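**Q** Model the structure of this input:
(chains A and B)
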Amino acid sequence: MTNLFDALPTLDAEANRRLHQSLTDAAYAAGLLDVAYRTLDTPVGTLLLAATPKGLLRVAYASEGHDKVLETLAREVSPRLLLAPGRLDGAAREIEEYFAKRRSAFEVPLDLRLAHGFRRTVLLHLPEIGYGETASYAAVARASGNAKAVRAVGSACATNPLPVVVPCHRVVRSDGSIGEYVGGVEAKRALLALEAAA
Amino acid sequence: MSRKPFEQIVAAHGPTVLRVCRALLGPTEAEDAWSETFLAALAAYPRLRPNSNIEAWLVTIAHRKAVDHLRAASRRPIPTDPLPQLAYRDRGLTGWETGLWPALKALPARQRQAIAYHHLAGLSYREVARIVGGTEAGARRAAADGIATLRKTFLEGVPR
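**A** Here you go, the predicted structure:
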């Protein structure tokens, strides 16, 4: 039977690319694109960016496993999730500017629905640590309204759904050592060095 | 119940559904039907029962979309090509748009559907019958009759 249908291409990459684009456009227009995502190559590796119509939802390091992150988003936010780079142009531009040292603060709207309770409170306070500065876990705990919750600040940073953009990399240990980081200590060092050199 | 990101559904099944739409509707309308199929699938996806056969589900939606297109087309007058004396291939028309599609288009819709769902999408005749109606044996016969005609019109030519 195969030779009868040889004339009908099995994979028409050009048509599939065009159709994918029109699907993401139509899905967005119909309010069905719950989560859009793309990847972005940066000095700290390839980042996964995902957004809802409300704002940037997730930034993920390669070490977190992008496929795993997407499956988690499909489960916890919505399975209506499509590769739609155009929907993330704004976020991608700001992150590129940040790595090119042309941006010291992010303006892109954020969707913090993946962070709850005290962790969310911590994330909301992190942008108070200025570009090129650092703060201790204890200081962030105080700023977040619970001076005793130093460990909880650590876990809020470790589970930050928006690393780089929400600057958990600026939180270090009270003794001045760098502490841990969701993207690995090397990435944290690289971001702090980038900001210090500005 | 968790579902895979819809992107994985498009990546895994998009090309096959495009082949099916092309075999049902030809080069021009196939892409519209593909887009309508995946948009409808995206809308319904969160309600899809877990462990469903995704390909059969998509083909079912594509079938309905294609039927809508065919119904609209039937309201327009269509010039019907007389059965060619020479097979398309013998006239050098081996391509999709110039040869295979005109040969497919000349088939009754039900044969075209049975061929597309079984031979291109790989569905069983049982599933084909569930989509197009009728019995499993009827679906098998429609596909076989269609293939026999295609062999004549596309590959071998009609004996004079």
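**Q** what's the domain layout of chain A?
**A** Chain A breaks down by automatic domain parsing into domains covering A:10-99, A:117-196.
**Q** Nearest to B:Ala12, out of the ones you listed?
**A** domain A:10-99 (11.7 Å; C-beta to C-beta). In short, each C-beta sits where N, CA and C put it, glycine included.
**Q** For that closest one, give the mean pLDDT please.
**A** The pLDDT scores in domain A:10-99 average 96.
**Q** near chain A, which residues of chain B?
**A** Residues of chain B lying close to chain A by C-beta under 8 Å from any C-beta of the partner chain are B:2-7, B:10, B:14-15, B:18-19, B:22-23, B:31, B:34-35, B:38-39, B:42-43, B:45-46, B:94-96, B:99-100, B:119-120, B:147, B:150-151, B:154-155.
**Q** Any quick PyMOL command for the buried ones out of those?
**A** In PyMOL, this line selects whichever of the residues of chain B next to chain A come out buried by 16 or more other C-beta atoms under 10 Å in any protein chain shown:
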select buried, chain B and resi 3+4+5+6+7+10+14+15+18+19+22+23+31+34+35+38+39+42+45+94+96+99+100+119+120+147+150+154+155
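**Q** B:Ala129: which of the domains of chain A is closest?
**A** Here domain A:10-99 is closest among those (C-beta to C-beta), at 25.3 Å.
**Q** about what we covered before: can you redo the domains of chain A as JSON lines with mean neighbour count?
**A** Putting the domains of chain A into JSON lines (neighbours: other C-beta atoms under 10 Å in any protein chain shown) gives the following:
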{"stretch": "domain A:10-99", "mean neighbour count": "18"}
{"stretch": "domain A:117-196", "mean neighbour count": "18"}
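**Q** And A:Leu32, how far from chain B?
**A** To chain B, A:Leu32 is 5 Å away according to C-beta to the nearest C-beta, to the nearest Å.
**Q** any idea which element the residue nearest to that residue when sequence neighbours are not counted lies in?
**A** Nearest residue to A:Leu32 in three dimensions, chain neighbours excluded: B:Leu42, at 5.1 Å (C-beta to C-beta, 6 or more residues apart in numbering or on different chains). Taking DSSP states H and E as the definition, B:Leu42 sits inside helix B:6-44.
**Q** Can you give the distance of the helix or strand following that helix from its chain's centre?
**A** On the C-terminal side of helix B:6-44, the closest following helix or strand by DSSP H and E is helix B:54-74. How far helix B:54-74 lies from its chain's middle: 8 Å, per C-alpha atoms, centre = their mean, to the nearest Å.
**Q** which helices and strands sit right next to the following helix or strand past helix B:54-74?
**A** Counting by DSSP H and E, the next helix or strand C-terminal to helix B:54-74 is helix B:101-105. Secondary-structure packing of helix B:101-105 (3 or more C-beta pairs under 8 Å, 6 or more residues apart in numbering or on different chains; DSSP states H and E): helix B:6-44, helix B:109-115.
**Q** Swap in 10 Å and give it another go.
**A** helix B:6-44, helix B:109-115, helix B:136-150 (3 or more C-beta pairs under 10 Å, 6 or more residues apart in numbering or on different chains; DSSP states H and E).
**Q** Show me how far the shortest one is from its chain's centre.
**A** If I follow you right, that is helix B:109-115. 7 Å.
**Q** so how far is A:Lys148 from the residue nearest to A:Leu32?
**A** From B:Leu42 across to A:Lys148, the span is 47 Å (C-beta to C-beta, to the nearest Å).
**Q** same thing with B:Ser35?
**A** 56 Å.
**Q** before we move on, which element is A:Thr46 in?
**A** According to DSSP H and E, A:Thr46 maps onto strand A:45-52.
**Q** so, in contact with chain B or not, the helix or strand that that strand is followed by?
**A** Per DSSP H and E, the first helix or strand lying C-terminal to strand A:45-52 is strand A:55-60. No - figure legend: strand A:55-60 not in contact with chain B (C-beta under 10 Å from any C-beta of the partner chain); closest approach 12.5 Å.
**Q** which stretches of chain A form helices?
**A** Under the criterion DSSP state H, chain A contains helices at A:13-29, A:66-76, A:89-99, A:117-125, A:137-143, A:150-158, A:185-196.
**Q** and the helices and strands packed on helix B:101-105 as TSV, adding mean pLDDT and distance to A:Leu8?
**A** Converted to TSV, those look like this (pLDDT from 0 to 100; distance: least, C-beta to C-beta, whole Å):
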stretch	mean pLDDT	distance to A:Leu8
helix B:6-44	95	6
helix B:109-115	96	11
helix B:136-150	96	12
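**Q** Centre of the chain to the strand holding A:Thr46, how far?
**A** That offset, for strand A:45-52, works out to 5 Å (C-alpha atoms, centre = their mean).
**Q** tell me the contacts of the closest residue to A:Glu97 other than its chain neighbours?
**A** Excluding the flanking residues, the one nearest A:Glu97 by C-beta to C-beta, 6+ apart is A:Arg103, at 3.7 Å. Neighbouring residues of A:Arg103 by C-beta atoms under 10 Å, 6 or more residues apart in numbering or on different chains: A:93-97, A:131, A:198.
**Q** between those, which is nearest A:Pro161?
**A** Nearest to A:Pro161 among these: A:Ile95, at 14.8 Å, using C-beta to C-beta.
**Q** ok, the closest one - contacts?
**A** A:40, A:42, A:47, A:49, A:56, A:59, A:88, A:103, A:106, A:108, A:164-165.
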